[in-house]
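Undergrad: the sequence and its predicted three-dimensional model are supplied below.
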Amino acid sequence: MRTLGIDPGTALMGFGLVEGPEPLRLIEYGCLTTASGLALPRRLLLLYQGLDDLIRRHRPDQVAVEQLYFSRNTRTAMAVGQARGVALLAAAAHGLEVAEYSPQQVKQAVAGFGGATKEQVQEMIRLLLRLPSVPQPDDAADALAIAICHTQFARAAALGIV
C-alpha cells in the first residue's frame, strides 16, 4: 500500500510518501512552498497543483492528513483549515480515500506514546525508514509520521485488530 501523508499549511505543506507496511519503504518527502506575498487564492492554487502533480507521479493508494488542531491563534487555524481543504480536494479529485488522525494518534502509532516529543517522533521516523538522518524540514517529517501512522492503522484494520 502506498500512502501519501500531508501536513497542511499555506506557507509550507509537508508531504511524505511511504510504501508498506512490511517492509516500510520511503518513496519521497519534502514541502510544497508558497510565497507569503502572494494572494491567498493563488497560494491555495499552487498547493493544489503541487499535490495534483505528486498524486499523478506517485499514484498513492490512500491519503492521510492530520486533523485540525485548534490553538489560540485563530488566523493560523483558519490558514491550516484552508490548506487542509486543498489536500482533501486534491485527494477527492483523484478518487482517493482520506484518513484523518489526531496529533496524539500519530505520536502513538509512530513512537508508541501519544505524548511523545517531536524529537522522539522524528527519531522513530528515521529508524523505521532506515534513514541516515532525521528528515528535514519539520513539516516533511510530520507528513512522514502521518503516512506511517496510517500504514500502521491500515495494517491493524486488515488484521482485525482495530
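TA: Perfect, thanks for sending it. Only a predicted model underlies this, so the values are computations on that prediction, with no experimental measurement involved.

Undergrad: how about the helices in this structure?
TA: Secondary structure of the chain (DSSP state H): helices at 40-58, 74-93, 103-111, 118-128, 138-158.

Undergrad: what's the most buried one of these?
TA: Comparing the helices of the chain on average neighbours per residue, with mean count of other C-beta atoms under 10 Å, the densest one is helix 138-158 at a mean of 23. (C-beta placed from N, C-alpha, C; glycine too.)

Undergrad: where does the chain have low pLDDT?
TA: 70-72, 162 (pLDDT under 70).

Undergrad: isn't Ala79 right next to Gly9, touching?
TA: Yes. In this structure Ala79 lies within contact range of Gly9 using C-beta atoms under 8 Å: 7.2 Å.

Undergrad: circling back to that earlier point, could you dump the helices of the chain to JSON lines with distance to Arg25?
TA: Listed next are the helices of the chain as JSON lines, based on distance: least, C-beta to C-beta, whole Å:
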{"stretch": "helix 40-58", "distance to Arg25": "12"}
{"stretch": "helix 74-93", "distance to Arg25": "21"}
{"stretch": "helix 103-111", "distance to Arg25": "16"}
{"stretch": "helix 118-128", "distance to Arg25": "10"}
{"stretch": "helix 138-158", "distance to Arg25": "10"}
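
Undergrad: to Thr3, which of the ones you listed lies closest?
TA: Nearest to Thr3, of all the helices of the chain, is helix 138-158, at 4.6 Å by C-beta to C-beta.

Undergrad: and that closest one, what does it pack onto?
TA: Secondary-structure packing of helix 138-158 (3 or more C-beta pairs under 8 Å, 6 or more residues apart in numbering; DSSP states H and E): strand 2-7, strand 12-19, strand 25-33, strand 62-66, strand 97-101, helix 103-111, helix 118-128.
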